Structure formats: C-alpha cells, structure tokens
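>>> curious how this folds, go ahead:
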Amino acid sequence: MNGDSRLYRGQRDGARAMQYFSAAQLAWTFIAGLSIRRRKQLRNLVLNEDCKVTDQPERDGRDLVLSCKENTRLRIERRVSLWGNIWLASSDQHNEDGDFTLSTCAVSKRELAPWIMEAVSLPSLGMPQDSFTLILDGNPRPDLASEIFAVAQQDASWQTAFENSNAWLSSGHAEARWTAGYIMDGYPKAIQDIVDGTSLVKCNFRPLSSYGPDDLPNPEIDQSQYIDPQWTLFEWARHWYVYPVKDFEVRTHKPDWLEMRRIDWG
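Numbering: from 1, shown residues only. Coordinates of the predicted model:
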C-alpha cells in the first residue's frame, strides 16, 4: 500500500486542490472497514510512504496500535523514503542540452527525529512486540543515505554533549529542552539502538559505526571535539546554528525530484 493515493478536496484558484494521505492512514481506514473475522486473518502489511503528505504523517502509526493488539499475528512494515518523503530535493541547475539536473538535497536538523521517536514510542502506547517495524528507505541511493544518516548521528552526539554540559545542569530543565542542540527526549539512545540493530526502526543502508577499529569514537560522528561543555545556553544556540543545514548535490537524468522512483542515476 503506497502513500501516494490522492483524494481531491475543495477548490483553490478555480482548480481542485490535491490532498495526499499517508499509507498508514489508508491502511487504518482499510482495516477498520473489514469485518472482525477478516481483520484477524491479516498477516503482513507493507506501507510505502514514498511521497510528502500533510498533517504530521509520522504520527499516523499510532492509529495501527489497536489493529495490532486485536490481531497479534499481524506484522506491519512501514517504509519511509528518505528521498521522496523526509528530505525532498530542489533542482538548481541544468546543463545546456538539458539532459541532466544537478539537484541539491538540503538536510536540516530535526527532520528525521519525529519519525524515529514516534516509532519507538509505539510500544509504550500498547503496540505488541514485533508487530511493527519502521524502515528508513535510502533507495535509490543507499550509499548517500548512509552519509546523510550520519547527520542524525552527529545531532545525537551533540545532544549527549549538551545533556552533560554546564548549561544543562545550571538551567531549568524546561528551558534547556527548548534550547538549540536538544532534539528530543531519548534521541541519542534511539539513534544508537538503530546503529546497534536493536531498534524497531531499521535501515536498508549501512549506518556509520559510532566507533572506529581502535574502539575510539568515530570522528565523523563524535561532536565532542567541537564542543565546550562550559558554554552557556546562548553559546550552545550560537554554535548550533552555524551549520543548521547540510547540502548534498546529486546529478540525475530526471528534472523532477518529486518523483524519485523514476530517477535514472548517472
């Protein structure tokens, strides 16, 4: 079941406005429409979240908790495309012949965190063990996806340092949580669990190891070398926003990055 099913709602400038719904929303609607006997016969459901939708789609997994509690033999795999959903790219340049596009994928901080943290919170909401898996889908460029996921790993390292810092200890807890550098409660552990393979969130690409062959922190991940634990909250924010976005340039043979499944990579 794909997340690109389209329903038309309302009018906008004389044209029909297109509304996209997540695959999880469509799955919940489909399951709810079945009889109890049919619902309990379901075994495997794969949800492809392969396009951008509205209204916090990462939260739609919550709707599936009751279905999995009712049918503990149901296994749901939700695949979210890094390229076609979480990080959309913009086309910036074209060559003279127009046969390729040089596009920029802007990876800003915090965009991946809601998907991960919503998924790992599902067991606390009653999701049975092994009933739900979230796959971070790096196709069609899993090699570049590993490099981009390293941004999330760096953010987790940054938050760990922040939690151990003088600023965190000397400020009010609520104030510190709203400070730049703090992603979400439990985010560093969630990222490490993904890397270790112990999380219900999986990758179809290989994340960078948090440690090198010498058992020392991987310098591509570890942010401690750039951080002073004695910074004030203001200094944490100032250093955090120096590099709020990391750009990745990719050459493609298709101009439309919104249809990632059709791209022929050069």
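>>> if I look at residue 179, how far off is residue 201?
As defined by CB to CB, to the nearest Å, residue 179 lies at a distance of 25 Å from residue 201. Bear in mind the C-beta positions are built from the backbone N, C-alpha and C, glycine included.
>>> identify each buried residue in the helix or strand containing residue 192, please.
Secondary structure assigned from DSSP states H and E places residue 192 in helix 187-196. When neighbours are counted by 16 or more other CB atoms under 10 Å, the buried residues of helix 187-196 are found to be 187, 188, 190, 191, 192, 193, 194, 195.
>>> of those, which is the nearest to residue 62?
Each of the buried residues of helix 187-196 was checked against residue 62 using CB to CB; the closest is residue 190, at 16.8 Å.
>>> just the helices in the stretch 1-150 of the chain please.
Listed in chain order, the helices of the stretch 1-150 of the chain (DSSP state H, counting those that start in this stretch) span residues 23-32, 36-39, 65-70, 113-120, 142-163.
>>> and residue 133, which of those is closest to it?
In terms of CB to CB, the element of the helices of the stretch 1-150 of the chain nearest to residue 133 is helix 113-120, at 8.5 Å.
>>> with adjacent residues omitted, what lies nearest to residue 192?
In this structure, residue 192 finds its nearest non-sequential neighbour in residue 210, 6.5 Å apart by CB to CB, 6 or more residues apart in numbering.
>>> one more: residue 194?
In space, residue 194 is closest to residue 201, 5.2 Å off (CB to CB, 6+ apart).
>>> that neighbour - how many residues pack around it?
The burial metric for residue 201, expressed as a neighbour count using other CB atoms under 10 Å, is 21.
>>> separation between it and residue 190?
In this structure, residue 201 and residue 190 are separated by 7 Å, where distance is defined by CB to CB.
>>> mutual contacts of these two, please.
Taking CB atoms under 8 Å, 6 or more residues apart in numbering as the contact rule, the neighbours common to residue 201 and residue 190 are 116, 120.
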